[in-house]
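Enquirer: How does the following fold in three dimensions:
(4 chains)
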Number of protein chains: 2
Amino acid sequence: MVRWVPGTPDRLQHAALELFAARGYEQTTAAEIAQAVGLTERTFFRHFSDKREVLFHGQQSLTDAFVAGVAEAPQAASPIELSLNALRSASAFFPDDRRPYSRLRQSVIDDNPALQEREAHKLVRLGRSLADALTERGVDDLTADVVAQLSVMAFGIAFARWIRADEHHSFEDVATDVVCRIGDVARQLEP
Amino acid sequence: MVRWVPGTPDRLQHAALELFAARGYEQTTAAEIAQAVGLTERTFFRHFSDKREVLFHGQQSLTDAFVAGVAEAPQAASPIELSLNALRSASAFFPDDRRPYSRLRQSVIDDNPALQEREAHKLVRLGRSLADALTERGVDDLTADVVAQLSVMAFGIAFARWIRADEHHSFEDVATDVVCRIGDVARQLEP
DNA sequence: GTCTATAGTGCGATAGAC
DNA sequence: GTCTATCGCACTATAGAC
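Expert: Next up is the predicted model:
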């Protein structure tokens, strides 16, 4: 007989998402989420630094995917190729069968400003991690920032489109379209 | 003898920034900020929806400047020209004599994750407002998102560089450099 | 202006895993 | 024995309701 089941953070996250979707984020207390999986409020806060964080644990692996995409690129790759590789590497996180989950999660986030703030900040930090990875590959500071943020921007726009109700293309196809449009637009910046 | 001095939000903001800089954000309570300008905690929360917001009232006028930059552009302007106009219009908010203030404010924000979240979210919303303004000028959805976020991204990178200790160029000069680099990089995206 | 719920923290106690 | 997951309690500040 085990005293605690493994995978507590995951169970808390799923319970939280269900409760948030059913009653709303603010109408759900941390104690209720904990109770839903047979734990106490205090234990909830042992796993997550705050209530919002329960929906964002897993972001780290997305960041890792981006960074790994940079690391795995060929030595001769240009900065922009590095960042495209990062984006492609991250695309693996969003197979078609994940769309329903992503849509539900996003609908909860879109309903609550506090969650939107956390989401925005996570993307900023993703950009910083990516820029750091590029700097380590010898890319200069400004180029690293620009390329990293272009990549995160493409990801963000692609994700928003990928979860739209009428969208059926794969994440990678959507992302490719977005990247092409970025190129189209930016080419009109006079040199 | 006046019953209340005008500009209460401004006075609260300045008192808050001073206290945050001196003791740290978390070590300063809303009641103390209110007390510093002779008001009660209750009055503080009448002016600001939460404690963080005291550092961000004024963001709306930055958004307005971006949007106005789009509105004032000539009818024939391309999407990218619209967004460059928006960025230029916003540059007026950052004359050289504002740098010390911006530096102090940013150092407080950089010290506290909760403030960084609010800042990130404000930029996201700025991008949305800008995209909406572009859509109203007849730009298609995807291009509007791309161009708006490019503009906000250029702004963010330029601002971070403008407040660096060793930076003496004007905001507009720094922003121009950033925009050029974006163009350089994005031109390498194959069509 | 007062009253209250909830988020979040600090510290100590318990009990299983190793 | 150590380490870690959990619980319990007391506490403060935020923020919203009345």
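Enquirer: which ones are touching A:Leu104?
Expert: With contacts taken as C-beta atoms under 8 Å, 6 or more residues apart in numbering or on different chains, A:Leu104 has the following neighbours: A:Leu17, A:Ala21. No exception for glycine: its C-beta is placed from N, CA and C like everyone else's.
Enquirer: Hmm, I typed the wrong one, I wanted A:Val37.
Expert: A:Val37 sits next to A:Thr8, A:Arg11, A:Leu12, A:Ala15 when contact means C-beta under 8 Å, 6+ apart.
Enquirer: out of those, who's nearest chain B?
Expert: The shortest distance between chain B and any of the contacts of A:Val37, using C-beta to the nearest C-beta, involves A:Leu12 and amounts to 21.0 Å.
Enquirer: tell me the phi and psi of that closest one?
Expert: The phi and psi torsions at A:Leu12 (degrees, to the nearest 10) take the values phi -60, psi -40.
Enquirer: next one: A:Gly38
Expert: Residue torsions, per degrees, to the nearest 10, at A:Gly38 are phi 80, psi 30.
Enquirer: ok, A:Leu189 touching B:Val185?
Expert: No: the pair A:Leu189 / B:Val185 is not scored as a contact, 10.2 Å apart, by C-beta atoms under 8 Å.
Enquirer: Distance of the most centrally placed residue in chain A relative to DNA strand C?
Expert: Centrality entry for chain A: nearest residue to the mean C-alpha point is A:Gln59, 5.1 Å, by C-alpha atoms, centre = their mean. From A:Gln59 across to DNA strand C, the span is 17 Å (C-beta to the nearest atom of the strand, to the nearest Å).
Enquirer: and A:Lys72, what does it touch?
Expert: Lys isn't right for residue A:72; it's Glu. Residues near A:Glu72 by C-beta under 8 Å, 6+ apart: A:Asn85, A:Ser89.
Enquirer: Would you mind measuring from the residue nearest to the centre of chain A to chain B?
Expert: Computed with C-beta to the nearest C-beta, to the nearest Å, the distance linking A:Gln59 and chain B is 13 Å.
Enquirer: I figured that residue hits A:Lys122, correct?
Expert: Yes: if you go by C-beta under 8 Å, A:Gln59 and A:Lys122 touch, sitting 5.0 Å apart.
Enquirer: intersection of neighbour lists for the two?
Expert: Among the neighbours of A:Gln59, none is also in contact with A:Lys122 (C-beta under 8 Å, 6+ apart).
Enquirer: Leaving out sequence neighbours, find the closest residue to the residue of chain A found nearest chain B.
Expert: Checking chain A residue by residue against chain B with C-beta to the nearest C-beta singles out A:Ala186 as nearest, at 3.0 Å. Spatial nearest neighbour of A:Ala186, chain neighbours left out: B:Ala186 (3.0 Å); criterion: C-beta to C-beta, 6 or more residues apart in numbering or on different chains.
Enquirer: Spit out the contact partners of the one you found.
Expert: Applying C-beta under 8 Å, 6+ apart, one finds that B:Ala186 lies in contact with A:Ile80, A:Leu150, A:Ile182, A:Gly183, A:Val185, A:Ala186, A:Arg187, A:Leu189.
Enquirer: Next, the contact list for the fourth one, please.
Expert: It stands for A:Gly183. Here A:Gly183 is in contact with B:Ala186, B:Arg187, B:Leu189, B:Glu190, B:Pro191 (criterion: C-beta under 8 Å, 6+ apart).
Enquirer: Same check on A:Asp145?
Expert: A:Gly127, A:Ala131, B:Ile157, B:Ala160.
Enquirer: Great, nothing more from me.
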